[in-house]
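1. Following is a predicted model, sequence given first.
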Protein chains: 4
Amino acid sequence: MRINQLISSVADAGREILFNKNQKPVTQSLHDLCADLCSNKGEALGTALAREVVVAYNNANKQQKIDFFFHLLTSYSANPSEVLKAAEAYKSNADYASFKALNDIVEAPRQNLFRRINMAPGGIKTIVQLRQDLLAAIKEHPELKVIDFDLKHLLNSWFNRGFLSLEEIDWKTPAHILEKLIKYEAVHAMNGWDDLKKRLGTNRRCFGFFHPSLPDEPLIFVEVALVKGIADKVQPLIDPDESIDEIDVDTAIFYSISNCQAGLQGISFGNFLIKQVVMELKKEQPSLSQYATLSPIPGFGKWLKRELDNTDSSILTPQQRDSLKALSKDNWHADETTTDALKIQLMPLCAHYLYKAKRRSRPLDPVANFHLGNGAYIQRINWLGDTSDNGIKQSMGMLVNYRYEIDKVEKNHECFVNEGKITVSNDFKKMLP
Amino acid sequence: MRINQLISSVADAGREILFNKNQKPVTQSLHDLCADLCSNKGEALGTALAREVVVAYNNANKQQKIDFFFHLLTSYSANPSEVLKAAEAYKSNADYASFKALNDIVEAPRQNLFRRINMAPGGIKTIVQLRQDLLAAIKEHPELKVIDFDLKHLLNSWFNRGFLSLEEIDWKTPAHILEKLIKYEAVHAMNGWDDLKKRLGTNRRCFGFFHPSLPDEPLIFVEVALVKGIADKVQPLIDPDESIDEIDVDTAIFYSISNCQAGLQGISFGNFLIKQVVMELKKEQPSLSQYATLSPIPGFGKWLKRELDNTDSSILTPQQRDSLKALSKDNWHADETTTDALKIQLMPLCAHYLYKAKRRSRPLDPVANFHLGNGAYIQRINWLGDTSDNGIKQSMGMLVNYRYEIDKVEKNHECFVNEGKITVSNDFKKMLP
Amino acid sequence: MRINQLISSVADAGREILFNKNQKPVTQSLHDLCADLCSNKGEALGTALAREVVVAYNNANKQQKIDFFFHLLTSYSANPSEVLKAAEAYKSNADYASFKALNDIVEAPRQNLFRRINMAPGGIKTIVQLRQDLLAAIKEHPELKVIDFDLKHLLNSWFNRGFLSLEEIDWKTPAHILEKLIKYEAVHAMNGWDDLKKRLGTNRRCFGFFHPSLPDEPLIFVEVALVKGIADKVQPLIDPDESIDEIDVDTAIFYSISNCQAGLQGISFGNFLIKQVVMELKKEQPSLSQYATLSPIPGFGKWLKRELDNTDSSILTPQQRDSLKALSKDNWHADETTTDALKIQLMPLCAHYLYKAKRRSRPLDPVANFHLGNGAYIQRINWLGDTSDNGIKQSMGMLVNYRYEIDKVEKNHECFVNEGKITVSNDFKKMLP
Amino acid sequence: MRINQLISSVADAGREILFNKNQKPVTQSLHDLCADLCSNKGEALGTALAREVVVAYNNANKQQKIDFFFHLLTSYSANPSEVLKAAEAYKSNADYASFKALNDIVEAPRQNLFRRINMAPGGIKTIVQLRQDLLAAIKEHPELKVIDFDLKHLLNSWFNRGFLSLEEIDWKTPAHILEKLIKYEAVHAMNGWDDLKKRLGTNRRCFGFFHPSLPDEPLIFVEVALVKGIADKVQPLIDPDESIDEIDVDTAIFYSISNCQAGLQGISFGNFLIKQVVMELKKEQPSLSQYATLSPIPGFGKWLKRELDNTDSSILTPQQRDSLKALSKDNWHADETTTDALKIQLMPLCAHYLYKAKRRSRPLDPVANFHLGNGAYIQRINWLGDTSDNGIKQSMGMLVNYRYEIDKVEKNHECFVNEGKITVSNDFKKMLP
């Protein structure tokens, strides 16, 4: 649907939605408050009105929020005719006045509304929540996506790296922040505080980015194990049987990276995070000389299933198809004979997946895409590196080491972005068919 | 000059400026670094490149900075033809794609450059400095004003009230911040640390806004005296003869407000500041019941001179003209007979100036305009309230109390903004001719 | 055994203990290091030597520590003959020199040793640990008690209330401190972090004393519930079924006080703690008007058993003896008929115990002794106030409210200490036989 | 006068002093409050009573304080007869009871009073002030010295190195602490904040010890200049003409050490301070390899005058006496011919003074005594190292470098303390006659 059509159609037909009996007060008061907030009144009352908008939004239910999003569409969008007029004036005059007029008219008025909401105490938290709600709503109402354009634009600006602080998180960190690690850990789930304490113990590190206006909320965090040699299994890192000696560590393994805020989806912190943590660790522990991830391959299982289902697939040999039947056995990974046989088949397939499976000339696997785009290269695939239920299911237990060599990061990144070339180790190369 | 003309003219003729021998390396490397920073390379290297841009900019001399601003104009502006095409597409399609394309094309690429510079440590400080330099350059090169539009837009967003923290400044504040109060005090100058200590002593308060990424720099600060009754003279507030008793204070007098960052000119913090300080003081000292400023009238002297010079002025009676000759006497303010005579003439003239002298239907006096727009009203003019050299020169020693009554602020503000109406006390009204 | 005998006996016979083969190095090096530390060398090397003593002590095993304690007895005691000579000189001269000499000679040299150990980083922690070890050793070696006299004297001085800070502990407190609450809670055990979070939730408070040189170690902490009316049951306070509303609370209930450091046994913080917390709460929440404990009666069960076992006891009537047989039934407290019958008998017995059972004219019950000595009075006994296994066993499930009325605290305390008089409420008085 | 005599004489005759009309209320209430504080009442009321004692003491005038000190003597001293009895019992019984009784009876009850005063907020500050007052009073009333014994004993224990924190002081330190540096600087006076800022600028450092209960009061501080080579003049260090480059510094010069609290006189922090600052600097700036002072010779001028006045002095040759007459010329130090001649005579005399002039086998010069006792050695005398008025007057402008070589500190110290031997450099040795 086109936006100007939408505007009028919602303005007419949508009245029912917007003004139904039960929710009228909330929705209406939210609309009125927003109008006030964007008027002179908003200036005079300072943050007081913004605070009321925040309260009103947080009290709204799901439907009322959707109504509000449509209101943002109909009442806070740029007018296409005016935009065109301003563009024409800019082209013919190209002076300050026409430049200013164009910019003023093109920016949707809701950006100003969002900026004013942000003035309230807790305003930024509400904006982040609002985007989370909006992303959910967009699934059913794709026409709301233009609102997300404005929100994402603002959030990208507000969560600029320059405003973030990198903070080490350890067992001395306040509990209300630590409990969020348990909640947000997205790669290797933690079962409560005992698990958490192990991940913050000897030779373990955790770092996160924080925004000064959201001091209680990590935006993203990475868990690191300091070890000897590049680790090939994750279980000993997260659940050490015995107390870990402070051995002569030489390697930092990034074994888990988790984004925390659904409302900040698509706003990239990860690439800054890893590189800055490398710098921090280098300073703290000069003995470290290697930096690598121990990463999941979240897309491999699905990809393999697709290939298996596709009887025309040229990737799988009949022999491979036959061998892979063993995967349907319960607990196949606990039986050595089975795993030996599978390893021979699966490792090259996984290498193929990481290296060749692409979409729009970028790696299909999102984790591969992230680290390679970040300037890392593929060092090694580790057989049965993650034998948790999830690890087995997702990627037949395999994990990958992406290696960060700081002085090669720029070159790797440029090759990857400009030529679509994936840098890999020699050992990895040999595994490719 | 129109921007597209400018672009080509600078691109041709400007080469001389940009590439003269001596400064070539700095300017060129700054251009190259900025190009890199906006490319993929910038993503890969994270904040390292941004840091180099910051260093290069800070090392540039005045001319090199001006060259750089022209470079921002020629190489980082939106293309008018593309803008027009996008505006047409948006009008006819009005879908997400055309909306996004329009917004992407209208925003000058330098906004993205500024955001990337901000990623560096100290990036925001450089941006603020850059705007200060730019504002100076605009005086000679008004065509650069479009760059300021983008900068101001970004800074308005980044220095949103929601990101600022109000902090009390007292004698326990770190010295490197306190010395900035001495430096930035713009109303009643301080002669060093002894003066400062008095202004932070018993029954004195100071509050400022800070941005988390500029922790050492107050953005604006206000000095407050807690007194009994509404103060009518500033000298006893800033230079108390004897130690001030902690008397039963009932009134907070805001006697000085100073903006600190030239690079944040036009980004308004003052209205938030006063109202929030009122809240803080109320909480801290429930005995306070009155809040008022003791403000200078910076424009009165100049206005009066203009009227005196203008022999056709209908505002001044011949008798007034005659009386005011006394102002040319040295030290007139120290002679009681003189001051008594002058008071009778000057007080109504000042009231007239504050109430009637306008430009575009707003008060001519900037301080009046600020507080009235903020929702305060004029309570009183104080004869010889400031007998410092500057006070005598600027406004014949008069000061004004603008009164803040929190529950009237909204109404006052709306009258002022919508109807151009100035609210005043009854006593003040009587003084008007 | 007398100390001078001991000195020689240990000096002779004890050699075997002190110098047996295996542990010689540790013990000997500890002795030598201590000798160095007390010499000029200690002055020159500053804290370095103290640090070595700390390390050596912490590496010693149980036996080596006991040897060290005997060494402190034999080599770091005041010489009785010299003491007598100094006392005689002081009596006859009574001047500064004799005063100084007396004081210098009477103070056991180990006090100086302890003060020097304290100079090391972590020194005070070692001293507290050392006293904990010593208290354990005294059980088998009562002659070591004189060392404890010196240690306790020093610790009393070092842990003076003036050096402690009261800190609120909540869910934002660092995890490594919070985990100590779980560990040290001595009244109503916590099963991990979920329990802890409830005790720090809405309308719950926790305060502890900290010493600046032991910032990670609470010395004592009190848990408080803000409720409406004086609480009579502890389970709803520590395990709320549903989320607790922020009701109009008027009462603070101190339901758990725990000392944390075994090495600080006998050094009293509790009386300061409660009164200061009352002040803090009053400031924070002016609606609070009542302050009371909900306390266990740890000695009642044992006392009752003794009386039951003592067939000559005049306290128990035959009828009571008969009724109390019901206590041997499993889960008697879950059966209403049983509890109704028992309540009639047990409540007056408990009142008798609290009010009349004494040792050296002080209440037999340690908790009663603490709060009454603190200036509180007995308000009420609560039937089945604590139905946990421990509560049933210790005091047949009863709990007591000791009431703190700040302006009566001094009078209550003086009556209690000077006249041995226990202040109680009228309702309590009626229960007494 | 003997103490027991004193007790009765004051008790009789002193009534007039203690109870004269005007001051009776203050003195009496202070006495009563102290009695209460040491009684059970003190326990019940916690810190409230202590606070009243603090207020009462701080309100007392000089005479009232002296009365109070005599009260501490008469009413809070150990009874000699009881002491003797306890000493006898300890000798014959030597058990825990007699040990405890002896210790309890020997310790003057005022120690307990001081400990209880310390419980008040600001208590320790009052105790330190009280000792300052006492030290002043002792000059006229030497019999009060026994009180100082107790106070010093307690303060030595409370200001144990283990409780102090070393803190770097720089331009970011709160102003109320910085102003104390100006006030307390005892070696090279500062004329206000500009001087101070220079001393905290590039390649300048300042460190102080703080006690957690006196967070606003440095106890002692040292000023350090990081330079190339061992500095021989102080003026360029404290008043740099131009901005100081961050050159490749290799030497830390301790050019000023000041004790801050008169009430902590005789409680030694300096030796810990220098050594710990050496450690800190080493960590911060690994390029540093030399640590030395640039110290005044405060006693040289006086000593020289004594020798000149003493016509029998064997130290001065007639030729020297003659040459030294030049010292009476105004501004002699500005005339090169004069200074050249004087240098030849004065340098060896100064070396003699530092090396040979002793009292009780310790160096006469207090600064020499301090650093040599600390384990430093004499490196060099610097001619006209301090040309300030004070420097010229005190020591004819000479300054000394005492050198700290960490691995020689222990040996130097032991030689000095045990054998009275002063370690010096070879160059210095050659200067000795």
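-> Looks like it arrived, so ask away.

2. Backbone torsions only: list them for A:Pro174.
-> phi -50, psi 140 (degrees, to the nearest 10).

3. which non-adjacent residue is nearest it?
-> For A:Pro174, ignoring the flanking residues on the chain, the nearest one in space by C-beta to C-beta, 6 or more residues apart in numbering or on different chains is C:Lys172 at 4.5 Å. Every C-beta, even on glycine, is put in place using the N, C-alpha and C of the backbone.

4. do A:Asn58 as well
-> Nearest to A:Asn58 is A:Thr126, by C-beta to C-beta, 6+ apart, at 6.5 Å.

5. Tell me the residue of chain A that sits nearest chain D?
-> A:Pro286 (12.4 Å; C-beta to the nearest C-beta).

6. Give the other helices and strands that the host helix or strand of A:Gln319 contacts.
-> Using DSSP states H and E, A:Gln319 maps to helix A:318-323. Applying 3 or more C-beta pairs under 8 Å, 6 or more residues apart in numbering or on different chains; DSSP states H and E, we find helix A:318-323 packed against helix A:336-356.

7. how about the residues of the stretch 51-200 of chain A that lie near chain B?
-> A:80-81, A:83-84, A:86-88, A:90-91, A:93-96, A:99-100, A:102-103, A:106-107, A:115, A:118-121, A:123-124, A:142, A:145-146, A:149, A:153-154, A:156-158, A:160-163 (C-beta under 8 Å from any C-beta of the partner chain).

8. Break down chain A into its strands, ranges please.
-> Ranges of strands within chain A are A:165-168, A:204-210, A:220-227, A:251-259, A:290-293, A:358-359, A:362-363, A:377-382, A:399-403, based on DSSP state E.

9. How about residues contacting the first one?
-> Applying C-beta atoms under 8 Å, 6 or more residues apart in numbering or on different chains, the contact partners of strand A:165-168 are A:205-210, A:212, A:273, A:276-277, A:280.

10. Out of the residues you listed, grab the one that's most surrounded.
-> Counting neighbours by other C-beta atoms under 10 Å in any protein chain shown, the top entry in the contacts of strand A:165-168 is A:Gly208, with 27 neighbours.

11. which residues pair with it across the strands?
-> Taking DSSP bridges as the rule, A:Gly208 bridges to A:Glu167, A:Phe221.

12. May I ask you to confirm that it is in contact with A:Leu219?
-> Yes: shown here, A:Gly208 and A:Leu219 form a contact pair, counting by C-beta atoms under 8 Å, at 7.0 Å.

13. which residues does the residue nearest to A:Pro174 contact?
-> When contacts are counted by C-beta under 8 Å, 6+ apart, C:Lys172 touches A:174-176.

14. Ok, A:Tyr57 next?
-> By C-beta under 8 Å, 6+ apart, A:Tyr57 lies in contact with A:30, A:65, A:68, A:117, A:126, A:130.

15. For A:Lys180, give me its contacts.
-> A:216-218, A:260.

16. remind me which residues of chain A are low pLDDT?
-> Scanning chain A with the threshold set as pLDDT under 70 gives A:1-27, A:44, A:241-246.

17. interface residues of it facing chain C?
-> So chain A meets chain C at A:171-176, A:178, A:192-193, A:197 (C-beta under 8 Å from any C-beta).

18. Show me the two of these that sit farthest apart.
-> A:Lys172 and A:Gly192 (18.8 Å; C-beta to C-beta).

19. between the contacts of A:Tyr57, which has the most around it?
-> For those, neighbours tallied by other C-beta under 10 Å; top is A:Ile117, 27 neighbours.

20. For A:His333, the count of nearby residues, please.
-> By other C-beta under 10 Å, 18 other residues sit near A:His333.

21. what sits against it?
-> By C-beta under 8 Å, 6+ apart, the residues touching A:His333 are A:339, A:384, A:387, A:392, A:396-397.

22. Which of those are buried? Put it as a ChimeraX command.
-> Listed next is the ChimeraX selection for buried residues among the contacts of A:His333, using 16 or more other C-beta atoms under 10 Å in any protein chain shown:
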select /A:339,384,392,396,397
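
23. Just the contacts of A:His333: which are in helices?
-> The helices, defined by DSSP state H, take in A:339, A:392 from the contacts of A:His333.

24. count of residues packed around the nearest residue to A:Val106 once chain neighbours are set aside?
-> Counting by C-beta to C-beta, 6+ apart, B:Val106 is the residue found nearest to A:Val106 once chain neighbours are left out, at 4.6 Å. Neighbour count of B:Val106, defined by other C-beta under 10 Å: 24.

25. again, but for the one 3 residues further on
-> Applying other C-beta under 10 Å, we find 17 residues neighbouring B:Pro109.

26. hang on, the earlier thing: which one of the contacts of A:Lys180 sits in the busiest neighbourhood?
-> Ranking the contacts of A:Lys180 using other C-beta under 10 Å puts A:Pro218 first, with 24 neighbours.

27. which residues does it contact?
-> A:Pro218 makes contact with A:169, A:177, A:180-181, A:184, A:208-210, A:260, according to C-beta under 8 Å, 6+ apart.

28. give me the number of residues near A:Lys62?
-> Around A:Lys62 there are 10 other residues, counting by other C-beta under 10 Å.

29. Distance of the residue of chain A closest to chain D relative to A:Asp250?
-> Between A:Pro286 and A:Asp250 the distance is 11 Å, computed by C-beta to C-beta, to the nearest Å.

30. Compare the two (neighbour count), which wins?
-> Taking neighbours as other C-beta under 10 Å, A:Pro286 and A:Asp250 compare with A:Asp250 leading, 15 against 8.

31. correct me, but the more buried one touches A:Leu288?
-> Yes: if you go by C-beta under 8 Å, A:Asp250 and A:Leu288 touch, sitting 6.2 Å apart.

32. Return the residues in contact with the closest residue to chain C within the stretch 251-400 of chain A.
-> Nearest residue of the stretch 251-400 of chain A to chain C, counting by C-beta to the nearest C-beta: A:Cys260, 17.8 Å away. A:Cys260 makes contacts with A:180, A:184, A:217-221, as judged by C-beta under 8 Å, 6+ apart.
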